[in-house]
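K.L.:
What follows is a predicted protein model with its sequence.
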Amino acid sequence: MAELSFQDEQGFNQIFKPVGSTPFRAQRRHDWFVHEAQRLGARRILELGCGTGEAAAYLAANSGADVVAVDISEKFLDHARKAHDAPNLHFQKLDIFADDLKALGTFDLVYGNGILHHLVVRLDEVLRALLSLTTPQGGLAFIEPNFLNPYCAFIFGTKIGRNFARLEPDEMAFKPQELRRSLAQAGWKHVDVTTRDFLVPGVPKSLIKPILTIEPLLEGSIATRWLAQSHFMTARR
């Protein structure tokens, strides 16, 4: 099981230590976001909940787009600014519920990795706000935990798991139909929620290759794909 290493101002652990499968898992998620940016021809990108900035820095380096990365935690942003610097990368503090979102301008892609499940109690409001920031031909791309996955069900669905992971009180994983319904209700079009990824963070490196070998079979079967760890969700404005 993955170890957590970095706390925000509220004392919640949010960042996984880069051990075992964690760096590889993060890399292929970053590559997926780059792919989505290229698919949309995105020239301006917003990351919601950028944390310590690794994904934003990777997109800035590999998409050619101007990347604005926002987070509510100044502690995370301070780390991000010290670790990553590029002319097309900008870190900014933002409270999506309190600050003026129009000041950010508009974006061809809005994305985030494991952030919407922190905002689940106001998810519809968040998705409508993101829609207002997106250009007419733009879209979103998010990766969120699957509540049906046994690992996620333990972490999010049991008191022991929640205490172990030091989750925020309202933090909760999603079932796929919840995401599809919320996206459609917020006005997003061409909604796609695909459940995949059987490589949990913190798995020993020796197990990465065996898991990757069987992963396509698990993801390709209707009998097992619903057990995957994450929902990869996209939509267009």
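P.N.:
That came through fine.

K.L.:
And the strands in the protein, which stretches?
P.N.:
Using DSSP state E, the strands assigned to the chain run over residues 4-7, 13-16, 44-48, 66-71, 89-93, 107-113, 134-145, 189-196, 230-236.

K.L.:
what's the closest of these to Gly202?
P.N.:
Closest approach to Gly202 among the strands of the chain (CB to CB): strand 13-16, 7.0 Å. Every residue, glycine included, has its C-beta placed from N, CA and C.

K.L.:
Need the phi and psi values for the closest residue to Leu218 other than its chain neighbours.
P.N.:
Distances taken as CB to CB, 6 or more residues apart in numbering place Thr224 nearest to Leu218, at 4.5 Å, with adjacent residues excluded. Backbone geometry at Thr224, expressed as degrees, to the nearest 10, gives phi -130, psi -20.

K.L.:
Spit out the contact partners of the closest residue to Ser132 other than its chain neighbours.
P.N.:
Nearest non-adjacent residue to Ser132, counting by CB to CB, 6+ apart: Leu101, 6.9 Å away. Applying CB atoms under 8 Å, 6 or more residues apart in numbering to Leu101 gives the contacts Leu94, Ala129, Ser132, Leu133.

K.L.:
Narrow the residues you listed to those in helices?
P.N.:
Ala129, Ser132 (DSSP state H).

K.L.:
Hey, what's the angle from the helix ranked longest in the chain to strand 134-145? Just curious.
P.N.:
In the chain, with assignment by DSSP H, the single longest helix is helix 22-40. Orientation of helix 22-40 against strand 134-145 (axes from the mean of the first three to the mean of the last three CA atoms, to 10 degrees) gives an angle of 160 degrees.

K.L.:
I'd say Leu131 and Trp188 touch.
P.N.:
Yes: counting by CB atoms under 8 Å, Leu131 touches Trp188, with 6.3 Å between them.

K.L.:
So for those two, which sits in the more crowded spot?
P.N.:
Between Leu131 and Trp188, counted using other CB atoms under 10 Å, the more crowded position is Trp188 (22 against 18).

K.L.:
about what we covered before: report the angle between the longest helix of the chain and strand 66-71.
P.N.:
Calculated by the same axes, to 10 degrees, helix 22-40 forms an angle of 130 degrees with strand 66-71.

K.L.:
which secondary structure elements does helix 22-40 contact?
P.N.:
Under the contact criterion of 3 or more CB pairs under 8 Å, 6 or more residues apart in numbering; DSSP states H and E, helix 22-40 touches helix 54-63, strand 107-113, strand 134-145.

K.L.:
and with 10 Å instead?
P.N.:
When contacts are defined as 3 or more CB pairs under 10 Å, 6 or more residues apart in numbering; DSSP states H and E, helix 22-40 sits against strand 13-16, strand 44-48, helix 54-63, strand 107-113, strand 134-145, helix 208-220, strand 230-236.

K.L.:
and the angle from that helix to strand 107-113?
P.N.:
160 degrees.

K.L.:
tell me which residues of helix 22-40 are tucked away?
P.N.:
Judged by neighbour count using 16 or more other CB atoms under 10 Å, the buried positions of helix 22-40 are Thr22, Phe24, Arg25, Ala26, Arg29, His30, Trp32, Phe33, Val34, Glu36, Ala37, Leu40.

K.L.:
Select, from those, the two members most distant in space.
P.N.:
Using CB to CB, the buried residues of helix 22-40 span at most 27.7 Å, a distance reached by Thr22 and Leu40.

K.L.:
Can I get stretch 190-201 in PDB, CA atoms only?
P.N.:
Extracted in PDB, the C-alpha atoms of stretch 190-201 (Å, rounded to 0.1, in the frame of the first residue of the first chain):
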ATOM      1  CA  HIS A 190     -19.700  13.900 -25.400                       C
ATOM      2  CA  VAL A 191     -19.200  12.500 -21.900                       C
ATOM      3  CA  ASP A 192     -17.000   9.500 -21.600                       C
ATOM      4  CA  VAL A 193     -16.200   7.700 -18.300                       C
ATOM      5  CA  THR A 194     -13.800   4.700 -18.800                       C
ATOM      6  CA  THR A 195     -12.800   2.600 -15.800                       C
ATOM      7  CA  ARG A 196      -9.300   1.200 -15.900                       C
ATOM      8  CA  ASP A 197      -5.900   1.000 -14.100                       C
ATOM      9  CA  PHE A 198      -5.100  -2.000 -12.000                       C
ATOM     10  CA  LEU A 199      -1.700  -0.700 -10.900                       C
ATOM     11  CA  VAL A 200      -2.200   0.800  -7.400                       C
ATOM     12  CA  PRO A 201       0.400   3.200  -6.000                       C
END
